[in-house]
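Asks: got a predicted structure here, sequence first:
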Amino acid sequence: MPLCGFNEKMIEGLAIFAKGLFEAVQDRAAREGLSLEKAFDNEIHELGLFLASLEEKYQHLRANHSAAVTMRRLVDEMPKRS
């Protein structure tokens, strides 16, 4: 167990994320005729773009709000699972 502010939901979220990533890679590989490795590389690249966008949004919010308000707003604005 890590010593940081670890929460069991973090592992659950990572497990769900990993499963979704694998399914997305399989779908993309089949749809675009790519190897799993190439489809995975594409997905990871796009995740990098998403993380950069998220960091930009965090910094923008953080400039005007406390860390707690910023994190709450980011969580509240995340797309919900359907």
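Replies: Good, I have the coordinates.
Asks: how far is the helix or strand harbouring Ala39 from where the chain is centred?
Replies: Assessed by DSSP states H and E, Ala39 sits inside helix 36-62. Relative to its parent chain, helix 36-62 has a centroid offset of 7 Å by Cα atoms, centre = their mean, to the nearest Å.
Asks: by how many degrees do the next helix or strand along the chain from that helix and helix 36-62 diverge?
Replies: Per DSSP H and E, helix 36-62 leads on to helix 67-77 as the next helix or strand towards the C-terminus. Angle, helix 67-77 to helix 36-62, by axes from the mean of the first three to the mean of the last three Cα atoms, to 10 degrees: 130 degrees.
Asks: picking that back up, average model confidence for the helix holding Ala39?
Replies: If you average the pLDDT over helix 36-62, you get 93.
Asks: for that helix, packing partners?
Replies: helix 8-32, helix 67-77 (3 or more Cβ pairs under 8 Å, 6 or more residues apart in numbering; DSSP states H and E). In short, each C-beta sits where N, CA and C put it, glycine included.
Asks: residues near Tyr38, how many?
Replies: Actually, residue 38 is Lys rather than Tyr. Counted with other Cβ atoms under 10 Å, residues neighbouring Lys38 total 14.
Asks: cool, and Asn42?
Replies: Neighbours of Asn42 (other Cβ under 10 Å): 16.
Asks: then the one 4 residues further on?
Replies: Other residues near Glu46 number 12, with proximity taken as other Cβ under 10 Å.
Asks: how about the residue of the chain positioned farthest from its centre, what does it touch?
Replies: Computed with Cα atoms, centre = their mean, the residue of the chain farthest from its C-alpha average is Gly33, at 24.8 Å. Residues near Gly33 by Cβ atoms under 8 Å, 6 or more residues apart in numbering: none.
Asks: measure it to Thr70 for me?
Replies: For Gly33, the distance to Thr70 (Cβ to Cβ, to the nearest Å) stands at 42 Å.
Asks: got it, and Asp27?
Replies: For Asp27 relative to Thr70 (Cβ to Cβ), the value is 33 Å.
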